[in-house]
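Q: just need the structure, nothing else, for what follows:
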Amino acid sequence: AKGTQGLGGQERRKRVRERGGMPIVRRGKSTRRLKTGSVRLTDIDPLIDIDPLIDVGGEASDHEGPSLVTLATTRFDSVTDRRRRSSQIDEKSQTVYSVLGAVFQGADHSDTGVISGSHKTEVFCAIYVGGYLASCALDGSVALRDAHTHALIAKYERGDEGAHDEGVFQLAGFARSRKDGCVFSIDWSGYVKVWTLPDLQLRTTTLAHPKKLDSSARYGGFSVACSSQGEYIATGGGDGCRSLKLWRLCSDYTLECIGEIKNAHDVVYHLDFAVQCDLLVSIGSDHTIKLWSVPDLAFVAEKLDVNGGSNKHAIFSPDGETLATCGSDLHIKLWSVPHLELKSSRDGAHASEIRRIAYSPDGSTIASCSLDASIRLWSATALSPIGVLADAHAGKIFHITYAPHEGGRILTSCGADHDIKVWATPTLAMSAGSHQIAFAKEVVGIGFLDARTVLGVSADLSIKVWALPSFVELARSEPGEGSLKPAESRKASLSPDGKLLAAMFGREG
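A: Now for the predicted structure:
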């Protein structure tokens, strides 16, 4: 960009691009006028200043500068209840945290997003399907929220037309696009319901697992899973119907049974499809892990895993080469696929029964949750500990999952306290790597430009770039003399590659 000083913004941009470079616009020296209430996209280079590319809407003003919203805090404003300590003061809001590749605003996890009021009883399951977050609870309710804003879209409770009459323990789903897909729910009476996105419209109800073995049994249906593209749906019965069934979703949303294994387990606790959709795993109260081929449900392998308790959950790794299990014996184990040979084990992973485990989208990390109310993170190879968050919920935690649209940076949990909580990863403890008084004003956004470079934005539109973990300042952009003083930066989002910043801002009030 050398030799472009003194040129107009359009001419300077043209000159630099002719040389194959990126434009540099010094804050306060640009004559570009923005519009109040505008949205702008900005190219970012961590070692240069900011060049606005697109501006949309509003009345003209001299206000400039983007902001970056923090993943796990400010995106929940006015939609999600946020637990804050009464001692939240300027020093806290001016602090940026970096631990093991994650950056945090606030002194601890009290600022994590909490979605309260989703259900009136224990929340058993929360899953991401396309651009949505679906959840279910002990009272039979099923709810759908926007995955990003957490705004409630639809909710069915017991007594509503088409709603479940019994507890719903598990959900499954697939997305054809961000706003098109299906959610499957199974209740303890054995009914499976098919719901469609984006409005959670009920399509069909199928009695998949009636309590035909024992009418006094507690569970008819217990588990449900679907393949990544929705080609197949698997359901598992409880103590009243111990079968495993494979279904095909028809064009009218009815379920066609294409295979059944009777007495697969005493209770089919969990099912999961490999990403290649050629294998299905089932685990049960009889301490066995079983692999079945898809779609013929031919037996592939079985492992009797007796170690003081039963397995509660099993999940394939993203590449389909490893199977992870956890259970009431407090273990997490990794098995080879398809031979089910033990690869690694972590005994005493939690202080109480481990209910769920989840792989990060890149397969590098495993998250686990337990009835001891804690969440822990482990390396996906040696199961070495990465992070721990004790008392993540006020009671038992039943389910945990990664948000696929955030590249493994968002972890969602739900439990007996009726709450759904959203955490920033890959760390949970937030116990190291802080930078005090990072700005003169409060921090309104933080995010990664790459694995070792973090960008922060304050309310007065100052932008700084630091190298981690020591927070050595690499670059800064201060608000210029022409900036509107009473302006506030509110919302922004950084693209996954760290090169585009979308920001919304306007006059105070």
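Q: what sits opposite V465 in the beta ladder?
A: L455, A475 (DSSP bridges).
Q: that one and E473: what is the separation?
A: Distance, V465 to E473, by CB to CB, to the nearest Å: 7 Å. C-betas here are computed from N, CA, C, even on glycine.
Q: more neighbours, those two?
A: With neighbours defined as other CB atoms under 10 Å, V465 and E473 compare such that V465 has more, 20 against 11.
Q: quick one: that one and V454 touch, right?
A: Yes: V465 lies in contact with V454 (CB atoms under 8 Å); the separation is 7.3 Å.
Q: within the sheet, what are the partner strands of the helix or strand harbouring R176, with directions?
A: Here R176 sits within strand 168-177, counting by DSSP states H and E. Using DSSP bridges, strand 168-177 pairs in its sheet with strand 180-187 (antiparallel).
Q: and after the strand it pairs with, which helix or strand comes next?
A: Downstream of strand 180-187, the next assigned helix or strand under DSSP H and E is strand 191-196.
Q: quick check: what element follows that following strand along the chain?
A: strand 201-207.
Q: ok and that following strand relative to strand 180-187, angle-wise?
A: 40 degrees (axes from the mean of the first three to the mean of the last three CA atoms, to 10 degrees).
Q: CA atoms of strand 201-207 as PDB?
A: Taking Å, rounded to 0.1, in the frame of the first residue of the first chain, the C-alpha atoms of strand 201-207 are listed here in PDB:
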ATOM      1  CA  GLN A 201     -44.800 -28.900  12.200                       C
ATOM      2  CA  LEU A 202     -46.000 -32.300  13.200                       C
ATOM      3  CA  ARG A 203     -46.200 -34.600  10.200                       C
ATOM      4  CA  THR A 204     -46.800 -38.200  11.500                       C
ATOM      5  CA  THR A 205     -47.000 -40.300  14.600                       C
ATOM      6  CA  THR A 206     -46.000 -44.000  14.700                       C
ATOM      7  CA  LEU A 207     -46.400 -46.500  17.500                       C
END
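Q: just the CA coordinates for stretch 259-276, please, in PDB.
A: The C-alpha coordinates for stretch 259-276 follow below in PDB (Å, rounded to 0.1, in the frame of the first residue of the first chain):
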ATOM      1  CA  GLY A 259     -35.700 -54.200   9.700                       C
ATOM      2  CA  GLU A 260     -36.000 -55.400  13.200                       C
ATOM      3  CA  ILE A 261     -33.900 -57.100  15.900                       C
ATOM      4  CA  LYS A 262     -36.000 -58.600  18.600                       C
ATOM      5  CA  ASN A 263     -34.500 -58.600  22.100                       C
ATOM      6  CA  ALA A 264     -31.600 -56.500  21.000                       C
ATOM      7  CA  HIS A 265     -31.000 -55.400  24.700                       C
ATOM      8  CA  ASP A 266     -33.000 -55.400  27.900                       C
ATOM      9  CA  VAL A 267     -33.300 -51.600  27.400                       C
ATOM     10  CA  VAL A 268     -31.800 -50.000  24.300                       C
ATOM     11  CA  TYR A 269     -30.100 -47.100  25.900                       C
ATOM     12  CA  HIS A 270     -28.600 -45.500  22.800                       C
ATOM     13  CA  LEU A 271     -28.200 -45.800  19.100                       C
ATOM     14  CA  ASP A 272     -25.800 -44.000  16.700                       C
ATOM     15  CA  PHE A 273     -25.000 -44.200  13.000                       C
ATOM     16  CA  ALA A 274     -21.500 -44.000  11.600                       C
ATOM     17  CA  VAL A 275     -20.900 -41.100   9.300                       C
ATOM     18  CA  GLN A 276     -20.500 -43.500   6.400                       C
END
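Q: which parts of the stretch 251-400 of the chain are strands?
A: 255-261, 268-273, 279-284, 288-293, 299-304, 311-316, 322-327, 332-336, 342-346, 354-359, 365-370, 375-379, 385-389, 397-402 (DSSP state E, counting those that start in this stretch).
Q: looking at these, which is nearest to I233?
A: Closest of the strands of the stretch 251-400 of the chain to I233 is strand 255-261, at 6.5 Å (criterion: CB to CB).
Q: strands along the stretch 101-250 of the chain, start to end?
A: 102-105, 113-115, 123-129, 132-137, 142-146, 152-156, 168-177, 180-187, 191-196, 201-207, 221-226, 233-237, 244-249.
Q: just name the most buried of those.
A: strand 233-237 (a mean of 29; mean count of other CB atoms under 10 Å).
Q: so where is the stretch 51-200 of the chain shaky, pLDDT-wise?
A: Applying pLDDT under 70 to the stretch 51-200 of the chain flags residues 51-113.
Q: circling back: any idea which of the strands of the stretch 251-400 of the chain scores lowest on pLDDT?
A: Among the strands of the stretch 251-400 of the chain, strand 385-389 carries the lowest mean pLDDT, a mean of 84.
Q: direction included, what does it pair against?
A: Applying DSSP bridges, strand 385-389 is found paired with strand 375-379 (antiparallel).
Q: what are the buried residues along the partner strand?
A: 375-378 (16 or more other CB atoms under 10 Å).
Q: could you do stretch 289-307 as well?
A: 289-292, 294-295, 297, 300-301, 303, 305.
Q: now tell me what touches that stretch from outside.
A: The contact list for stretch 289-307, computed with CB atoms under 8 Å, 6 or more residues apart in numbering, reads 227, 232, 244, 246, 248, 258-261, 264-265, 273, 277-283, 287-288, 311, 314, 323, 325, 327, 329, 331, 333, 335, 337-340.
Q: can you say which two of the buried residues of stretch 289-307 are spatially most distant?
A: With distance counted by CB to CB, no two of these lie farther apart than P295 and D305, which are 26.2 Å apart.
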